[in-house]
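A.B. asks: What shape does this take:
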Amino acid sequence: MRRATSAVHEKDRRDELSASRTENAWQTALRWRSGVQTAALVIIAAVVACVAIHLAAPFLIPLVVSLVVCYALAPVVDRLERWRIPRPIGAALVVAALAIGGGAAINQMWNGAESLIGQLPAAVEKIRLAILVSHSDLPDTLTHVQRTASELQKLAGAEPSAAAQTPSAQGWTLDARPLLLMGTSSVLGGLAQLLSIIFLIYFLLAAGNVFRRKIVRMVGPPIGRQKAALEVLNHIHDLNQRYLAVVAFINVGVGVTTAVGLALIGLQHAAIWGVAIAVLHTVPYVGAAVVSAAIALTGYLQFGTPQMALAAGAIPLGASVLIGVLLQASLLGRAASMNATVVFVALLFWGTLWGAWGLLLAMPIMVALKSICDRVEPLSRFGEFLAASE
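C.D. replies: Here you go, the predicted structure:
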């Protein structure tokens, strides 16, 4: 009897164990299926977000540009307010000075920049001819000279009929439509957006910290939560303002150093190259490299020797490394520094979505996102992921 009872109990235990194993297997399968569904939803949401950001470029680009310019100009308006100038009037003065000064600078340098960029194909062709002559197996030196002279005459337009038949011989022209249109498809749309940017910058500067106070009120009680939200907003505001101020200071320094250095060696259009490196230095690594390569090409076209071309290209590159990399790291510190791989991925991402404007706005956007992640506790792991290596 005892043996039969023990056998029954043993069978019950085996049945319970088998049932628990089956239940655990089902739970594991359900968890795995739930994880796959969650990952699929996250991927779909990310793709939809990227498409939405790309399609909303005509709205988002002017908005982000206005916010960046507002952060950069806010200290000037604050100083005017401390001098007892009403904030709306101070904001109007700053925006008017920005519009007039920017328009005058663009008008002054536009023709020179267009002709300068038009010289780059000639520089490339000259380098090609030099390489062709140096590797040629023609036995006679006179043949070298004649061949080179013929090619240079073609390049200079001595054979207009051949040049007319070959569109590529016409040279390049400065096409700034991708920058000016800001995601729109017409010039009128671009001008309307430019006007909206000017008005939006004014309204943001005139408002001051009104929107920060509104966000704190939206957080609601208790008072501790409002204080924490205000602390986060103030930190983000101060960090973004400091970043833009440091970047503006460093870009101006790199531009002035480049212009002076190029003028000392006698390169033409030194001031225009200084402005170019000051603007494109906002794009990390890539901007300085592109400008240095273009300056080296024009230097070879003007001086005709590889040594002078390398010297001309080394001036903006050296200024970018010494002033841009070292000084910027010491002034900004770890709070705004990011991993180099993350920087390149951000440039690729925003450049793909918004083109040239994406390259220019990638770093301000990423610094703002990192400052938010650093101060919001649930996002702190993302902030650590974006941070530079120790």
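A.B. asks: low pLDDT regions in this protein?
C.D. replies: Applying pLDDT under 70 to the chain flags the ranges 1-33, 35, 111-120, 123, 133-187, 329-336, 389-390.
A.B. asks: How is it divided into domains?
C.D. replies: 57-208, 226-390 (automatic domain parsing).
A.B. asks: Could you identify which of the ones you listed is most buried?
C.D. replies: Burial of those is given as mean neighbour count (mean count of other C-beta atoms under 10 Å); domain 226-390 ranks first at a mean of 18. Glycine gets a C-beta too; all of them are placed from N, C-alpha and C.
A.B. asks: if we can go back for a sec, among the domains of the chain, which is nearest Leu41?
C.D. replies: domain 226-390 (18.9 Å; C-beta to C-beta).
A.B. asks: rewinding a little: need the domains of the chain in JSON lines (columns: distance to Val42).
C.D. replies: Shown next, in JSON lines, are these (distance: least, C-beta to C-beta, whole Å):
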{"stretch": "domain 57-208", "distance to Val42": "22"}
{"stretch": "domain 226-390", "distance to Val42": "14"}
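A.B. asks: Which one, of those, ends up nearest to Val47?
C.D. replies: Evaluated with C-beta to C-beta, the domains of the chain place domain 226-390 nearest to Val47, the distance being 12.3 Å.
A.B. asks: Pull the distance from that closest one to the chain's centre.
C.D. replies: Distance, stretch centre to chain centre, for domain 226-390: 8 Å (C-alpha atoms, centre = their mean, to the nearest Å).
A.B. asks: Tell me if Leu262 really is in a helix.
C.D. replies: Yes: remark: Leu262 belongs to a helix, assigned using DSSP: H, G, I helix; E, B strand; the rest coil.
A.B. asks: That one reaches Ala270, doesn't it?
C.D. replies: Yes: in this structure, Leu262 is within contact of Ala270 by C-beta atoms under 8 Å, at 3.9 Å.
A.B. asks: just to revisit the earlier point, of all the domains of the chain, which one is nearest Ala45?
C.D. replies: Nearest of these to Ala45, taken as C-beta to C-beta: domain 226-390 at 15.9 Å.
A.B. asks: Is Ala271 within a helix or a strand, and which one?
C.D. replies: Assigned by DSSP states H and E, Ala271 falls within helix 270-280.
A.B. asks: what packs against that helix?
C.D. replies: Secondary-structure packing of helix 270-280 (3 or more C-beta pairs under 8 Å, 6 or more residues apart in numbering; DSSP states H and E): helix 87-118, helix 223-264, helix 286-303, helix 306-319.
A.B. asks: Also compute the angle for the shortest one relative to helix 286-303, please.
C.D. replies: Right, helix 306-319. Interaxial angle of helix 306-319 relative to helix 286-303 (axes from the mean of the first three to the mean of the last three C-alpha atoms, to 10 degrees): 150 degrees.
A.B. asks: can you list contacts of helix 306-319?
C.D. replies: If you take C-beta atoms under 8 Å, 6 or more residues apart in numbering as the criterion, helix 306-319 is touched by 253-254, 257-258, 261-262, 265, 267, 273, 277, 288-289, 291-293, 295-300, 302-303.
A.B. asks: try 7 Å this time
C.D. replies: By C-beta atoms under 7 Å, 6 or more residues apart in numbering, the surrounding residues in contact with helix 306-319 are 254, 257-258, 261-262, 265, 267, 277, 288, 291-293, 295-296, 299-300, 303.
A.B. asks: Show me the helices in the stretch 51-200 of the chain, by range?
C.D. replies: Along the stretch 51-200 of the chain, the stretches classed as helices by DSSP state H, counting those that start in this stretch are 57-82, 87-118, 120-134, 141-156, 160-165, 177-181, 187-207.
A.B. asks: Let me know the angle separating the last one from helix 57-82.
C.D. replies: An angle of 30 degrees separates the directions of helix 187-207 and helix 57-82 when computed by the same axes, to 10 degrees.
A.B. asks: Output helix 187-207 as CSV, nothing but the C-alphas.
C.D. replies: Provided in CSV are the C-alpha atoms of helix 187-207 (Å, rounded to 0.1, in the frame of the first residue of the first chain):
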residue,chain,number,x,y,z
VAL,A,187,13.4,80.9,-54.5
LEU,A,188,10.3,82.6,-53.2
GLY,A,189,9.9,79.8,-50.6
GLY,A,190,13.5,80.3,-49.5
LEU,A,191,13.0,84.1,-49.2
ALA,A,192,9.9,83.5,-47.2
GLN,A,193,11.7,81.2,-44.9
LEU,A,194,14.6,83.7,-44.5
LEU,A,195,12.1,86.4,-43.5
SER,A,196,10.4,83.9,-41.0
ILE,A,197,13.8,83.2,-39.5
ILE,A,198,14.5,86.9,-38.9
PHE,A,199,11.1,87.4,-37.2
LEU,A,200,11.4,84.2,-35.2
ILE,A,201,14.9,85.2,-33.9
TYR,A,202,13.4,88.6,-32.9
PHE,A,203,10.5,87.1,-31.0
LEU,A,204,12.7,84.5,-29.2
LEU,A,205,15.2,87.2,-28.2
ALA,A,206,12.4,89.6,-27.1
ALA,A,207,10.7,86.8,-25.0
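A.B. asks: For the residue lying closest to Ala309 once chain neighbours are set aside, list the residues it contacts.
C.D. replies: Closest residue to Ala309 apart from its sequence neighbours, by C-beta to C-beta, 6 or more residues apart in numbering: Tyr300 at 3.7 Å. By C-beta under 7 Å, 6+ apart, Tyr300 lies in contact with 123, 126-127, 306, 309.
A.B. asks: Likewise for Thr305?
C.D. replies: Contacts of Thr305 (C-beta under 7 Å, 6+ apart): none.
A.B. asks: Can you tell me what sits against stretch 71-88?
C.D. replies: Applying C-beta under 7 Å, 6+ apart, the external contacts of stretch 71-88 come out as 90-91, 94, 205-206, 208, 240-241, 244-245, 248.
A.B. asks: can you rerun that using 6 Å?
C.D. replies: Stretch 71-88 has contacts (C-beta atoms under 6 Å, 6 or more residues apart in numbering) with 90-91, 94, 205-206, 208, 240-241, 244.
A.B. asks: Redo the residues you listed as a markdown table? Include distance to Gln108.
C.D. replies: Rendered in a markdown table, the data for the contacts of stretch 71-88 read as follows (distance: C-beta to C-beta, whole Å):
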| residue | distance to Gln108 |
| --- | --- |
| Gly90 | 27 |
| Ala91 | 26 |
| Val94 | 21 |
| Leu205 | 26 |
| Ala206 | 29 |
| Gly208 | 33 |
| Asn240 | 31 |
| Gln241 | 29 |
| Leu244 | 25 |
